[in-house]
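Chemist: Based on what follows, work out the 3D shape:
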Amino acid sequence: MNKIFLLSINLLFMVGVANAQSFTDDARLLESYQKSIDSVMAKTKSITAEGAQKALLNTQNLATVKLAKPAKKPLQAHMLYEQVKRATVIIGCAYLCPRCSNPHLSESSGYIIDSKGIVVTNYHVVAQYAFMKDGNKPEGFFVRLADGRTYAVKTVLAASKKNDLAILQLETDGKADLPSLALADAAQIGDQVYVLGHPKGMHYYFSQGNVTNKYYENAGPPNEKFFREMMTISADYATGSSGGPVVDICGNVVGTVSNTNMLTHSEMNPSVQMVVKNTVPVESLWKLIRNAS
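Modeler: Numbering: from 1, shown residues only. Next up, the predicted model:
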């Protein structure tokens, strides 16, 4: 009886170890990302910075996308993480700075919405590559999946500076069958949501919160003010999370990480009272898409 009991305990332990999630080695992942980019650059070219500029200035295009059907079954958080992680990407540019000869990488976030390699991120993420400053020289624009596959960005299919969104096509030679996320119709205030992204190089950081507000933000420079749709959430994120997915309890996209707004007590007392987490609601993304499903 004791032997059977011990055997059962050992089997349960082995199952637990088999199902345990691995620890992320951020330094090794970044090193692997650099090597994979070097390999991709030797075989193919990404969209140039000048090409990205032209695409960002063309705001008339819609992206034709074959979308997956939204899921209806709620998932346990750890299962949802694994599912969303497969379609969440590291996105950024390789560039040379004027101070050394070593290549550098910028890292932001994005997510795949079409298995043929169509990716959503922020307008400002693409603009960082297209309008690079401070004497930095852009060398290419790339995307890395969680499984290590790395692709060059081929073109910008659609973009909206106002809504801080860009939709990209990867160069996959028509061979890729990539994991993708479905789009929800909308989220409601109070809904539980999750965010996945890469804040400050912490790759695939997963946070949970709720939709806290949906409002029209007064944005733009003083002489070019406009209003845009914004959805605030309580889930944590930071620089590097830009463009990452905000998903519901079923894993459907309800928003895209955009920016933060720090609220202070007053000009006389600049103590921080709250940090508003602004995301672009999925309703704004739908306006850039032509569904081919």
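Chemist: Which residue ranges of this structure form helices?
Modeler: Read by DSSP state H, the chain holds these helices, from start to end of the chain: 2-19, 26-43, 49-57, 77-87, 123-130, 282-286.
Chemist: of those, which approaches residue 71 most closely?
Modeler: helix 77-87 (8.8 Å; Cβ to Cβ). No exception for glycine: its C-beta is placed from N, CA and C like everyone else's.
Chemist: just to revisit the earlier point, ok, and which of the helices of the chain has the densest surroundings?
Modeler: Using mean count of other Cβ atoms under 10 Å, the stretch among the helices of the chain with the largest mean neighbour count is helix 123-130, at a mean of 23.
Chemist: so how far is that one off the chain centroid?
Modeler: The offset between the C-alpha centroid of helix 123-130 and the centroid of the whole chain comes to 13 Å, using Cα atoms, centre = their mean, to the nearest Å.
Chemist: Stretch 154-173 too?
Modeler: Relative to where its chain is centred, stretch 154-173 has its mean C-alpha point 13 Å off (Cα atoms, centre = their mean).
Chemist: how about the helices of the chain in JSON lines, adding mean pLDDT?
Modeler: Rendered in JSON lines, the data for these read as follows (pLDDT from 0 to 100):
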{"stretch": "helix 2-19", "mean pLDDT": "55"}
{"stretch": "helix 26-43", "mean pLDDT": "93"}
{"stretch": "helix 49-57", "mean pLDDT": "95"}
{"stretch": "helix 77-87", "mean pLDDT": "97"}
{"stretch": "helix 123-130", "mean pLDDT": "97"}
{"stretch": "helix 282-286", "mean pLDDT": "98"}
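Chemist: Can I get those helices in a markdown table including distance to residue 192?
Modeler: Output for the helices of the chain, formatted as a markdown table (distance: least, Cβ to Cβ, whole Å):
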| stretch | distance to residue 192 |
| --- | --- |
| helix 2-19 | 24 |
| helix 26-43 | 27 |
| helix 49-57 | 34 |
| helix 77-87 | 10 |
| helix 123-130 | 26 |
| helix 282-286 | 15 |
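Chemist: closest to residue 209 out of these?
Modeler: Distances from residue 209 to each of these were compared using Cβ to Cβ; the shortest belongs to helix 77-87, at 12.1 Å.
Chemist: Return the closest one as CSV; C-alpha atoms alone will do.
Modeler: The C-alpha atoms that make up helix 77-87 are tabulated as CSV, following Å, rounded to 0.1, in the frame of the first residue of the first chain:
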residue,chain,number,x,y,z
ALA,A,77,-5.2,32.5,-16.7
HIS,A,78,-2.1,30.4,-17.2
MET,A,79,-3.7,28.7,-20.3
LEU,A,80,-4.7,32.0,-21.7
TYR,A,81,-1.1,33.2,-21.3
GLU,A,82,0.3,30.3,-23.2
GLN,A,83,-2.2,30.8,-26.0
VAL,A,84,-1.8,34.6,-26.4
LYS,A,85,2.0,34.3,-26.1
ARG,A,86,2.2,32.3,-29.3
ALA,A,87,0.8,35.1,-31.3
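Chemist: nearest to residue 203, of the helices of the chain?
Modeler: Proximity of the helices of the chain to residue 203 was assessed by Cβ to Cβ; the nearest stretch is helix 26-43, lying at 5.4 Å.
Chemist: Mind giving me the packing neighbours of that closest one?
Modeler: Packed against helix 26-43 by the contact rule (3 or more Cβ pairs under 8 Å, 6 or more residues apart in numbering; DSSP states H and E) you find strand 88-96, strand 103-105, strand 137-144, strand 150-160.
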